[in-house]
Every structure is written in structure tokens, then in C-alpha cells.
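1. Test case, fold it:
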Amino acid sequence: LLSRPPQLASCILDIIAIFVEEAREAANIVDLIADLVTLSVAGCMGAQINHEIKTDANGIKEHPVVIGIPVAQGGPTPAAEEMAR
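-> Sure thing, here's the model as predicted:
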């Protein structure tokens, strides 16, 4: 999500640069900034995955599991009874 706004701005400036020659340099600069943002996000994702792999390799394999508690027990819910009518 973080890399989308720079990529969008780069795309718009590239389209403008087709028609306005003076905008080509700005389009190239914004394109480089967008690439830097995208690659830094990808690098952070890779580092997170590497950390998780190392953590699991060290024997820590417990992942918290959220257990849902049923609202109605012992029979169909009132909404299900109304739908059956």
C-alpha cells in the first residue's frame, strides 16, 4: 500500500511527459523515487520473512490461535429460523 501513491504519480507524470517535453525530467525523477519506495518496501518484506524463518528454525513454533466463541448454542439462531419460513 505504501508504494502505490508514488507509482501512481509516476504514471501520471509519464503520460503528461508524452505531450509536454519539459515534464520529462520531473517524470524521470518521480519514477526513480517511486522505484526507491517500492524496493524499500520489498526489502522490508524480505527482512520480515527472513526473521520469521529464523525464528521458526530456532524451535519457536507456537503461533497464537484465536478461538471464536459461538453466540447461540444448542439450536438454530433466530435469523436461521426466520429464513426457513
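2. What average pLDDT does whichever helix in the chain runs longest get?
-> Criterion DSSP state H: the longest helix present in the chain is helix 24-57. Helix 24-57 shows a mean pLDDT of 89.
3. What are the buried residues along it?
-> By neighbour count on 16 or more other Cβ atoms under 10 Å, the buried set for helix 24-57 is 27, 30-31, 34, 37-38. From N, CA and C alone the C-beta is placed, and that goes for glycine too.
4. Switch these over to a markdown table; also include distance to Ile16.
-> What follows is the buried residues of helix 24-57, written out as a markdown table (distance: Cβ to Cβ, whole Å):
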| residue | distance to Ile16 |
| --- | --- |
| Ala27 | 7 |
| Val30 | 10 |
| Asp31 | 12 |
| Ala34 | 15 |
| Val37 | 20 |
| Thr38 | 21 |
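5. which of the residues you listed lies closest to Phe19?
-> Nearest to Phe19, judged by Cβ to Cβ, of those is Ala27 at 11.3 Å.
6. so the closest one makes contact with Ile18?
-> No: with contact defined as Cβ atoms under 8 Å, Ala27 does not reach Ile18; the gap is 9.2 Å.
7. elements contacting the longest helix of the chain?
-> The contact analysis (3 or more Cβ pairs under 8 Å, 6 or more residues apart in numbering; DSSP states H and E) places helix 24-57 against helix 4-19.
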